[in-house]
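Q: Need coordinates for the following:
(one chain, ligands or ions: 1)
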Amino acid sequence: MLVCFPALSQAADYLYQPVSFTAVRVTGGFWQTKQEVNRTVTVPFALQQCEESGRLKNFDLAAEVMRRRAAGEPGFQVKPPTIFPFDDTDVYKAIEGASFVLSMKPDAVLEQQLDGYIARIAAAQEPDGYLYTFRTMHPDSPGHDWVGVKRWEKDPELSHELYNAGHLYEAGAAHFQATGKRTLLDICLKNAELLWRDFGDGKLRIAPGHEIVEMGLVKLYRVTGDQRWLDLAKTFLDARGPGGSAYNQRHKLVVDQDEAVGHAVRANYLYSGMADVAALKGDERYVTAIKKIWTDVVSKKLYLTGGVGARADGEAYGAAYELPANGYNETCAAVALMMWNHRMFLLTGEARYMDVFERTAFNGFLSGVSVSGDRFFYTNPLVYDGKATNNAGLAGRAPWFGCACCPPNLMRTLAALTGYFYAVRDEALYVNFYAQSEGEAKVAGTTVKLSQATDYPWSGKVQLMVTPATPAKFTVKLRIPGWAQGRPVPSDLYAYSEAITPAWTLNVAGTPVTTQPENGYVSITREWHRGDLVELNLPLAVRAVQGNEKIAATRAQVAFERGPVVYCVENVGGKTPLAGLTVPATVKSITTAARPDLLGGVTVLSIDGAVIAGVDGGAKAIEAIPYFAWNNRGLAPMTVWLSLKP
Ligand SMILES: [Zn+2]
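A: Next up, the predicted model:
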């Protein structure tokens, strides 16, 4: 229901403008704990891993090869010592995440550390702007099977030259915005000038083999205002298809694509890039395509945890309803799905996209990092046998990976999460995400302070204090999550077992509001005064969920969730054997308990009436924990979907 198109074609950007992450900070509760662990453990850990794994050294080697050849050793080159030609991007993503952290909290030591890394990156850049360590350190012949003899020629397959450029640009924009320093940004612009010389004005038509350069170029455009970077982003989108591989979405022109296919991270980055270019260039055909693809994903290819990419083979989207419990669900695919859904919201102003965002954020995204912040999942299946080496060849959470795309991707997203909380269009403020926080937005020309007090997701009570600089009339739009309206997802892919009468309540300055949501939002239009209190109460009853009959893996199964949090049962210490475990379909016998001592502080479920075949004692109560917190207590079998008692 896109009513905005005539306007979009003239608009310079998204109609719904996000309130920057730098204008909002979490001040307590669930996400503060996660962001603090991210800042104090994950960021330094990831930077250290970039050093120890040799990823930073690749830049030094590329620089050394250039230096020694220039000094009279023409044959000198070095075989790339790390595994993948995209290893450079882990450094870029780590710098991006660290920059986001710096934006929120100045840290001279961290800033200096980044300066050192950036100097090493600069030294590895070739004089004409090319930056790709795997070629520069081994220039006489390809030093890796994926690298072409000539620049770019193997990019549509696996060289990842443009993928590296995309992550470089995202890091450069983030570092510039955090520090005001142009060091990394200038490296980006020198590289982008090369891209413009090689690809601009339709010179060389190459479909990037792993998308992200499109989003990266848009970030350069936003930072510099240079139209060429936006034009290049569109050039790369339009270079896809027809007739290429579906693995990386080159099977059709992007405007003709209507299903999510192929490598899930590549796909979701592509759809995000299409949204950006559509917003900035007003091309309706992109929006039509990504809306069709989104409908395909949420009605046929989305896990209950908000994960996507069912197949390990090709790290890919599966066929319709192909959602096996042991699905692949790469952490990066969850990150990319969040990016894409946020952009769909920014295009349309519809809450259903943020509903998907929220489901992914609390489940299939957050599961990617341990409570301690230094152990990670590359894959996020909904079942585990306690021993499989399905996490990129490892059993259980791992400290790092040979292909280490996921940890820094998660890290950068978590660091800038507050950028997803609010958005503004004209005289309306959109409240998309509930978390204890303080923020500020410009609405209807007035600066408005926004203070959320809540223990969400463990409590459904949200108190939002709205304080305009001077009394002003505008609209506050509160997202009423789909789960609070009886819909786990915006499709019939999953449904609650028991019909639910929406029972949320809303008071504004002490007066009940009974307006029904439109496009997922309840609108409150009034003259706002200092300290006006919005009290939203979302009832957090436990819900039993069933999958669509077409999903083979969830037939005769049930899963439990509470608010946006999906639960799982983990057989820690052998107390809850999962083989032969059956549970009642009803939630009547489920009780909840807050456990601040457990897994960083979680609310657990006690499911009474469970039966474990072959275990004496008849029906008993078993414990379920939030899915995101599994595998923090050693290797143990786990399952989200539970068999129904006959
Ligand atoms: Zn990844």
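Q: Who does the residue in the stretch 451-600 of the chain that the ion sits nearest to form a beta bridge with?
A: For the stretch 451-600 of the chain and the ion, the shortest gap (CB to the ion) falls at V566, measuring 20.8 Å. (Each C-beta comes from the backbone N, C-alpha and C, glycine too.) Beta-bridge partners for V566, by DSSP bridges, are E561.
Q: How many residues are close by it?
A: Using other CB atoms under 10 Å, V566 has 26 neighbouring residues.
Q: What ranges does the stretch 501-646 of the chain have for its strands?
A: With DSSP state E, counting those that start in this stretch, the ranges of strands along the stretch 501-646 of the chain come out as 505-508, 511-512, 521-528, 532-537, 542-547, 557-562, 565-570, 581-583, 590-595, 602-612, 620-626, 638-639, 642-644.
Q: tell me the angle the fifth one makes with strand 557-562.
A: Orientation of strand 542-547 against strand 557-562 (axes from the mean of the first three to the mean of the last three CA atoms, to 10 degrees) gives an angle of 140 degrees.
Q: can you give me how far strand 542-547 is from the chain middle?
A: Put simply, strand 542-547 sits 24 Å off its chain's centre (CA atoms, centre = their mean, to the nearest Å).
Q: what's the answer for the first one, then?
A: Counting by CA atoms, centre = their mean, strand 505-508 is centred 31 Å from the centre of its parent chain.
Q: same for the helix or strand encompassing M354, what does it pack against?
A: Secondary structure assignment for M354, by DSSP states H and E: helix 351-360. Judged by 3 or more CB pairs under 8 Å, 6 or more residues apart in numbering; DSSP states H and E, helix 351-360 is in contact with helix 331-348, strand 472-479.
Q: Let's have the ones you listed in JSON lines, adding mean pLDDT, mean neighbour count and distance to the ion.
A: Shown next, in JSON lines, are the helices and strands packed on helix 351-360 (pLDDT from 0 to 100; neighbours: other CB atoms under 10 Å; distance: least, CB to the ion, whole Å):
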{"stretch": "helix 331-348", "mean pLDDT": "98", "mean neighbour count": "26", "distance to the ion": "3"}
{"stretch": "strand 472-479", "mean pLDDT": "98", "mean neighbour count": "20", "distance to the ion": "28"}
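Q: In contact with the most centrally placed residue in the chain, which residues are there?
A: With distances taken as CA atoms, centre = their mean, the residue of the chain nearest its centroid is V335 (1.9 Å). Residues in contact with V335, defined by CB atoms under 8 Å, 6 or more residues apart in numbering, are 365, 409-410, 413.
Q: Quick check: the gap between it and F365.
A: For V335, the distance to F365 equals 6 Å [CB to CB, to the nearest Å].
Q: Which helix or strand contains the spatially closest residue to D374 that is not a sequence neighbour?
A: Nearest residue to D374, sequence neighbours excluded (CB to CB, 6 or more residues apart in numbering): F45, at 4.8 Å. In this structure, F45 sits in helix 43-52 according to DSSP H and E.
Q: For that helix, give me every contacting residue.
A: Contacts for helix 43-52 (CB under 8 Å, 6+ apart): 55-57, 90-91, 94, 97-98, 101, 110, 113, 117, 373-374, 399-400, 404, 407-408, 411, 415.
Q: Return it as CSV; C-alpha atoms alone will do.
A: As requested, the backbone C-alpha atoms of helix 43-52 are provided in CSV (Å, rounded to 0.1, in the frame of the first residue of the first chain):
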residue,chain,number,x,y,z
VAL,A,43,35.0,-4.4,19.9
PRO,A,44,38.5,-4.9,21.4
PHE,A,45,38.3,-8.6,20.8
ALA,A,46,37.4,-8.2,17.1
LEU,A,47,40.2,-5.7,16.6
GLN,A,48,42.6,-8.0,18.3
GLN,A,49,41.4,-10.9,16.1
CYS,A,50,42.0,-8.8,12.9
GLU,A,51,45.6,-8.4,14.1
GLU,A,52,46.2,-11.9,15.3
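Q: Can you name the element that comes right after it?
A: Downstream of helix 43-52, the next assigned helix or strand under DSSP H and E is helix 55-70.
Q: So for that following helix, mean pLDDT?
A: The average pLDDT within helix 55-70 is 98.
Q: Kindly report the same for stretch 413-421.
A: Per-residue scores along stretch 413-421 average to 98.
Q: does the ion sit close to it?
A: No - Stretch 413-421 does not reach the ion (CB under 5 Å from the ion); its nearest approach is 11.7 Å.
Q: Any chance you could list what contacts that stretch?
A: Stretch 413-421 has contacts (CB under 8 Å, 6+ apart) with 18-21, 24-26, 31, 34-35, 38-39, 42-43, 97, 100-101, 103-104, 335, 338, 342, 354, 357, 361, 365, 369, 431-433, 435, 437, 439.
Q: where's the residue nearest to N632 when sequence neighbours are not counted relative to the ion, distance?
A: The shortest distance from N632 to any non-neighbouring residue, by CB to CB, 6+ apart, is to V371 (4.8 Å). Per CB to the ion, to the nearest Å, V371 is found 20 Å from the ion.
Q: Then A122?
A: From A122 to the ion the distance is 27 Å (CB to the ion).
Q: For the ion, give me its nearest residue in the stretch 101-250 of the chain.
A: For the stretch 101-250 of the chain, CB to the ion, closest residue to the ion: H210, 11.2 Å.
Q: Can you verify my assumption that that residue contacts E157?
A: No - if you go by CB atoms under 8 Å, H210 and E157 don't touch, sitting 9.8 Å apart.
Q: Comparing these two, which residue is more hemmed in?
A: Using other CB under 10 Å, the more surrounded residue of H210 and E157 is H210, with 26 against 14.
Q: Report pLDDT for that one.
A: At H210, pLDDT is 98.
Q: Now the phi/psi pair for it, please.
A: For H210, the backbone dihedrals are phi -130, psi 110 (criterion: degrees, to the nearest 10).
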